[in-house]
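Trainee: sequence and computational prediction follow.
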Amino acid sequence: MLRARRKSPSPRYIAFAAISIDGRISLAKDRLPDWTSKEDKKFFQTSLAHCDAVIVGRNTYYAAAARLRRRITYVLTSRVSRPQKRGSVTFVNPAITDIAPLLSVHRNVAILGGAAVYQYMLERDLLHEFYITVEPLLFGRGIPLLVGGTSMHTLRLLSVRKLNSRGTLLLHYKA
Ligand SMILES: NC(=O)c1ccc[n+]([C@@H]2O[C@H](COP(=O)([O-])OP(=O)(O)OC[C@H]3O[C@@H](n4cnc5c(N)ncnc54)[C@H](OP(=O)(O)O)[C@@H]3O)[C@@H](O)[C@H]2O)c1
């Protein structure tokens, strides 16, 4: 992870995604990614320990609610008209509420998807780093990494790591 900028009040936004070779993040919207390698799970948990908030879409939240309720979590949804806080979880509609000021109290924000959330954050310059784990699997169906994009984005590859002998690759990009 790149070092957080100390002088800026803005958080560092770091996205994490595990994908199949054919670029899918999930087989279905209500399922957890139970197909990722133990090496990626370890990397993911270690990385999350450095993040003081996470941001997810409503489907991802409900697929992993038990875990996400233990964190400071922001859930993007069109179903609220103003931010609604339940414990450490805030439901927010970014079409109505500017999320940048809301998140500005944090230092490192983990963007955990799904597809519309990665896309939304990328298009608003609220994504600084992207860790993409490519598992050696072909789904042939499922939810893509991104959805509804309106422009092309060029990222810079910072590193590639082979995580295991099966060939799981961890790609680290700067946006
Ligand atoms: N492999 C991975 O790394 C990874 C990462 C994340 C998720 N997943 C998996 O992917 C699946 C869920 O992904 P998904 O792409 O279907 O769903 P998602 O992004 O988690 O949720 C989509 C929903 O979130 C809300 N939302 C997202 N962006 C929004 C925006 N900009 N403004 C307002 N609302 C917004 C909308 O809900 P409303 O209908 O309430 O408006 C939308 O229908 C699950 O199976 C999860 O386990 C895998």
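Mentor: Structure received. Residues are numbered from 1 along each chain as shown.
Trainee: neighbours around the nearest residue to residue 32 once chain neighbours are set aside, how many?
Mentor: Counting by CB to CB, 6 or more residues apart in numbering, residue 63 is the residue found nearest to residue 32 once chain neighbours are left out, at 5.4 Å. (Glycine included, C-beta is placed from N, CA and C.) By other CB atoms under 10 Å, 20 other residues sit near residue 63.
Trainee: my read: residue 63 touches residue 27, true?
Mentor: No - Residue 63 lies out of contact with residue 27 (CB atoms under 8 Å); the separation is 11.4 Å.
Trainee: how about residue 56, what does it touch?
Mentor: By CB atoms under 8 Å, 6 or more residues apart in numbering, the contact set of residue 56 is 64, 68, 73-76, 112-114, 117.
Trainee: close to the ligand: what parts of the protein are there?
Mentor: 17-18, 25-26, 28-29, 31-33, 56-60, 63, 76-79, 93-95, 112-117, 120, 143 (CB under 6 Å from any ligand atom).
Trainee: tell me the SS of residue 17?
Mentor: Of the three states, residue 17 takes strand under DSSP: H, G, I helix; E, B strand; the rest coil.
Trainee: from residue 41, how far out is it?
Mentor: For residue 17, the distance to residue 41 equals 14 Å [CB to CB, to the nearest Å].
Trainee: which one of those two has more residues nearby?
Mentor: Shown here are residue 17 and residue 41; by other CB under 10 Å, residue 17 has more neighbours (22 against 13).
Trainee: look up the pLDDT of the more buried one for me, please.
Mentor: Residue 17 is assigned 98 on the pLDDT scale.
Trainee: can you give me the strands for the chain?
Mentor: 12-19, 24-26, 53-57, 73-76, 84-86, 89-92, 108-111, 129-134, 143-144, 156-162, 169-174 (DSSP state E).
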